[in-house]
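*Asks:* below is the structure, and that's it, no one-letter string:
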């Protein structure tokens, strides 16, 4: 199971995520309680080992600006979060991209449909910690390397994995002591829980950055 810990803001957050065994770490570069500057992100990315994917997360800004932030921060990949059109992904050709969106009747759930490497399905209000109806996946089963997000915590991630069968999971608010402040114990607990066999006992998808390159 591929695990991404998002919204990291401090050196301690990064050290904890890496030591816990996260496959990817995310840095929010646009308006959010978790926002950090591109310069700050670059300093944090310097502490991320090569086997862990570093991801810059943006929302609500033009593609050109998003690309400039990604390059300035030195991240491995850029996450476009929200209703970005296919043209935005085309404009960012050459960057490793993650398409993050809520599941609606119009969502293309094929990973790579917009030229991205990964697809992330989140709650309608990103970063809110709100859960969403996983039953909607019955009629829109994603394909490829896709991550489940939205309201996940160490207490419910195993059940969510069993219900949704994602390739990976992403968490931010579910491992915080207060909005924007990471709880390092919860971070460790989340990674451990996500890697355990789900309640039905079936093995989860393999983890590791090699699986996505």
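*Replies:* Yep, it's here. Predicted model only: the values in this text are computed from it and were never measured.
*Asks:* C-alpha from now on. contacts and neighbour counts both.
*Replies:* Fine.
*Asks:* measure stretch 147-161 end to end?
*Replies:* When the termini of stretch 147-161 are compared using C-alpha to C-alpha, to the nearest Å, they are 10 Å apart.
*Asks:* show me how far the lowest-mean-pLDDT helix or strand in the chain is from its chain's centre.
*Replies:* The least trusted helix or strand in the chain, going by mean pLDDT, DSSP states H and E, turns out to be helix 157-164, with a mean of 93. Its chain's average C-alpha position is 16 Å from that of helix 157-164, according to C-alpha atoms, centre = their mean, to the nearest Å.
*Asks:* list the contacts for residue 34?
*Replies:* By C-alpha atoms under 8 Å, 6 or more residues apart in numbering, the contact set of residue 34 is 7, 8, 9, 27, 28, 180, 181.
*Asks:* in terms of helices and strands, where is the third one?
*Replies:* Counting by DSSP states H and E, no helix or strand carries residue 9.
*Asks:* run through the chain and note the low-pLDDT ranges.
*Replies:* 124-130, 132, 197-213 (pLDDT under 70).
*Asks:* all strands for the chain, in order.
*Replies:* Under the criterion DSSP state E, the chain contains strands at 2-5, 24-28, 53-58, 77-81, 96-102, 118-122, 146-148, 168-171, 176-178, 181-182.
*Asks:* name the helices or strands packed onto the least confident helix or strand of the chain?
*Replies:* Secondary-structure packing of helix 157-164 (3 or more C-alpha pairs under 8 Å, 6 or more residues apart in numbering; DSSP states H and E): helix 184-195.
*Asks:* and of the strands of the chain, who's closest to residue 90?
*Replies:* strand 96-102 (10.4 Å; C-alpha to C-alpha).
*Asks:* sorry, back to before: dump the contacts of residue 34 into JSON lines; add neighbour count and distance to residue 86 as well.
*Replies:* JSON lines is the format used below for the contacts of residue 34 (neighbours: other C-alpha atoms under 10 Å; distance: C-alpha to C-alpha, whole Å):
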{"residue": "7", "neighbour count": "29", "distance to residue 86": "25"}
{"residue": "8", "neighbour count": "23", "distance to residue 86": "28"}
{"residue": "9", "neighbour count": "21", "distance to residue 86": "30"}
{"residue": "27", "neighbour count": "29", "distance to residue 86": "23"}
{"residue": "28", "neighbour count": "23", "distance to residue 86": "22"}
{"residue": "180", "neighbour count": "18", "distance to residue 86": "30"}
{"residue": "181", "neighbour count": "18", "distance to residue 86": "33"}
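*Asks:* what's near enough to touch the residue nearest the centre of the chain?
*Replies:* What sits nearest the mean C-alpha location of the chain, by C-alpha atoms, centre = their mean, is residue 170, with 4.3 Å. Counting by C-alpha under 8 Å, 6+ apart, residue 170 touches 3, 4, 5, 6, 147, 148, 149, 150, 152.
*Asks:* if we can go back for a sec, got the strands of the chain as a markdown table, with distance to residue 67 columns?
*Replies:* As requested, the strands of the chain are exported to a markdown table (distance: least, C-alpha to C-alpha, whole Å):
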| stretch | distance to residue 67 |
| --- | --- |
| strand 2-5 | 21 |
| strand 24-28 | 13 |
| strand 53-58 | 10 |
| strand 77-81 | 8 |
| strand 96-102 | 10 |
| strand 118-122 | 17 |
| strand 146-148 | 22 |
| strand 168-171 | 22 |
| strand 176-178 | 28 |
| strand 181-182 | 26 |
